[in-house]
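# Sequence below, structure please.
(4 chains)
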2 protein chains.
Amino acid sequence: MASEMVEANGRRTVATISRQSLHGEIVTRLRDMIIEGDLQPGERIYETQLGEELGVSRTPLREALKFLASEGLVELVPSRGAVVKRFSAKDVEDMLIVLRSLEMLAGRIACEVASDEGIARLRSLHDAMVKHYKAAERLEYYKVNQQIHTGIVALANNAPLAEVHGLLQSRVKRIRFIGHEGAERWAGAVAEHETIIAALEARDAETLARELDTHLANGWERVKSVV
Amino acid sequence: MASEMVEANGRRTVATISRQSLHGEIVTRLRDMIIEGDLQPGERIYETQLGEELGVSRTPLREALKFLASEGLVELVPSRGAVVKRFSAKDVEDMLIVLRSLEMLAGRIACEVASDEGIARLRSLHDAMVKHYKAAERLEYYKVNQQIHTGIVALANNAPLAEVHGLLQSRVKRIRFIGHEGAERWAGAVAEHETIIAALEARDAETLARELDTHLANGWERVKSVV
DNA sequence: TGCAAGCATTTTGTATACAGTATAAAAAAT
DNA sequence: ATTTTTTATACTGTATACAAAATGCTTGCA
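Prediction:
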């Protein structure tokens, strides 16, 4: 969400007065709860109960659930309400296949249209990630890692592409985060990232696509045991 | 709505009782209205008014709008309700780029995993389409055409892939339908389809991908004037 | 005549109340 | 003892009512 930014320290935020509606806030709240595992897959959602927990009435909560249902994070069973969606191993593999294809596409486009500043920004993200890796800060590493992948997609300057990528990414986020890899695999992932960034800086579309391909294929290998 | 099928003539309907919830039906109804142009892009949606037209109250209608907002067909402006989303020419081009990539991916996978029956089904769809083409039945042609593209994706047996493809497809449907091409272009499209089906029957992934690539690139050429 | 401020109307946002349906438990019958 | 039927309860689905916000219009004033 990153919106509220209510005048802590007395300073007013000029940008985007944060006029989000209640159901909008509930959407992001629930999305986080699902990704972080507060709401477990397969768990049934009781509207009155959850509404009381969040301090909202059923109406905006239900609206938020409809939104998330369209995103594919919850499932609506007629007359039985919402259930947190559970993904099979095949589902996850299928999502990663699509994600891989999307990122490859984004990478190719980015080589053509990305600004030098944009690429430089990604390089510094990469450097930060390496720093977290060396410090063995898994959570921070994971977050920056996500930012890099999202960043590559963003460089392609194709809104629908970024959108569907984000859609699938949010679904596998939880699983990816759980999937703690061993030291040697982790090192491999970092090395792959280095070649990816280098290919992007060289604007070498084919190399970039190939590297993303292997990186994300390996990504599936890294998580498939935990699904 | 169009569901109950209550035991008229005493006989009970065994199949699928159509237990869709009201908001679910409204979603499909509104989606059709948007695609078919009953609700124009940029048009503001007044909840009470539309609710009366559809004979439903505001609550399920609002839930349906949230769902469609997540699909990207309407936009929710805080405190000002829903507006039918308008897509720029770049948006449409970007969507078609992604669609192209997704169909190519689907085609490659389909060559490996599709059943012979599935491919045969697509061939007969293609034959039907050619028949409509020769009869100059544009609407019927268009519908079968869509089914073929959706069918190729379905053959890949990858649910998330089919889902995101369908998501983008629904957005460009309206524009594609509007885009009436001239006779020679139409003939070209039919010829491309023939090579696509042939490549699929031969399970020749690379040829199929290449043909889909050109076909969908030409598709953008065909519609870009009308966007 | 132009502008601004205030009021009225319209529309969205949220809550609550009521109706319908599914599940589970208990009672009755085989 | 097991199965079926009944009944109670809890939850979802929908409608309506109320509150807040935004827009447009009217009126007053310079």
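# quick one, helices of chain A?
In chain A, the helices defined using DSSP state H lie at A:22-35, A:47-54, A:58-71, A:89-113, A:116-134, A:138-155, A:159-178, A:183-201, A:205-223.
# For those helices, give me CSV that also has mean pLDDT.
CSV is the format used below for the helices of chain A (pLDDT from 0 to 100):
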stretch, mean pLDDT
helix A:22-35, 92
helix A:47-54, 91
helix A:58-71, 94
helix A:89-113, 97
helix A:116-134, 97
helix A:138-155, 95
helix A:159-178, 91
helix A:183-201, 93
helix A:205-223, 93
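# For the residue of chain A at minimum distance from DNA strand C, give me its contacts.
Evaluated by C-beta to the nearest atom of the strand, chain A has residue A:22 as its residue closest to DNA strand C, separated by 2.5 Å. C-betas here are computed from N, CA, C, even on glycine. Residues near residue A:22 by C-beta atoms under 8 Å, 6 or more residues apart in numbering or on different chains: A:56, A:60.
# again with the one 10 residues further on
Under the criterion of C-beta under 8 Å, 6+ apart, the neighbours of residue A:32 are residue A:38.
# Next: residue A:111.
When contacts are counted by C-beta under 8 Å, 6+ apart, residue A:111 is found next to A:200, A:203-205, A:208.
# now those: which count as buried?
Burial by neighbour count, judged by 16 or more other C-beta atoms under 10 Å in any protein chain shown, picks out A:200, A:205, A:208 from those.
# Could you list the buried residues of stretch A:196-215?
By 16+ other C-beta under 10 Å, the buried positions in stretch A:196-215 come out as A:196-197, A:199-200, A:205, A:207-212, A:215.
# farthest-separated two in the residues you listed?
Greatest spacing in the buried residues of stretch A:196-215, by C-beta to C-beta: A:205 and A:215 (15.4 Å).
# so how far is residue B:196 from the closest residue to chain B within chain A?
Nearest to chain B in chain A, going by C-beta to the nearest C-beta, is residue A:70, at a distance of 3.5 Å. Here the criterion is C-beta to C-beta, to the nearest Å. By it, residue A:70 lies 31 Å from residue B:196.
# Could you say which of the helices of chain A is packed most deeply?
Scoring the helices of chain A by mean neighbour count under mean count of other C-beta atoms under 10 Å in any protein chain shown gives helix A:58-71 as the most buried, with a mean of 22.
# Export the contacts of residue A:111 to TSV and append columns for distance to DNA strand C.
Converted to TSV, these look like this (distance: C-beta to the nearest atom of the strand, whole Å):
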residue	distance to DNA strand C
A:200	40
A:203	44
A:204	47
A:205	43
A:208	42
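# Tell me the one of these nearest residue B:130?
The closest of the contacts of residue A:111 to residue B:130 turns out to be residue A:205 (C-beta to C-beta; 37.1 Å).
# so the closest one makes contact with residue A:114?
No: assessed by C-beta atoms under 8 Å, residue A:205 is found out of contact with residue A:114, at 10.9 Å.
# mind giving me TSV with the buried residues of stretch A:196-215 and columns for distance to residue B:50?
Listed next are the buried residues of stretch A:196-215 as TSV, based on distance: C-beta to C-beta, whole Å:
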residue	distance to residue B:50
A:196	48
A:197	50
A:199	50
A:200	47
A:205	47
A:207	52
A:208	47
A:209	46
A:210	50
A:211	50
A:212	44
A:215	47
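# Please identify which of the residues you listed is nearest to residue B:149.
For the buried residues of stretch A:196-215, the minimum distance to residue B:149 (C-beta to C-beta) is 24.2 Å, reached by residue A:209.
# got the contact list for the residue nearest to the closest one when sequence neighbours are not counted?
Closest residue to residue A:209 apart from its sequence neighbours, by C-beta to C-beta, 6 or more residues apart in numbering or on different chains: residue A:104 at 4.5 Å. Each residue near residue A:104 by C-beta under 8 Å, 6+ apart is listed here: A:209, A:212-213.
# Likewise for residue A:129?
Contacts here follow C-beta under 8 Å, 6+ apart; on that basis residue A:129 touches A:141, A:144-145, A:148, A:190, A:193.
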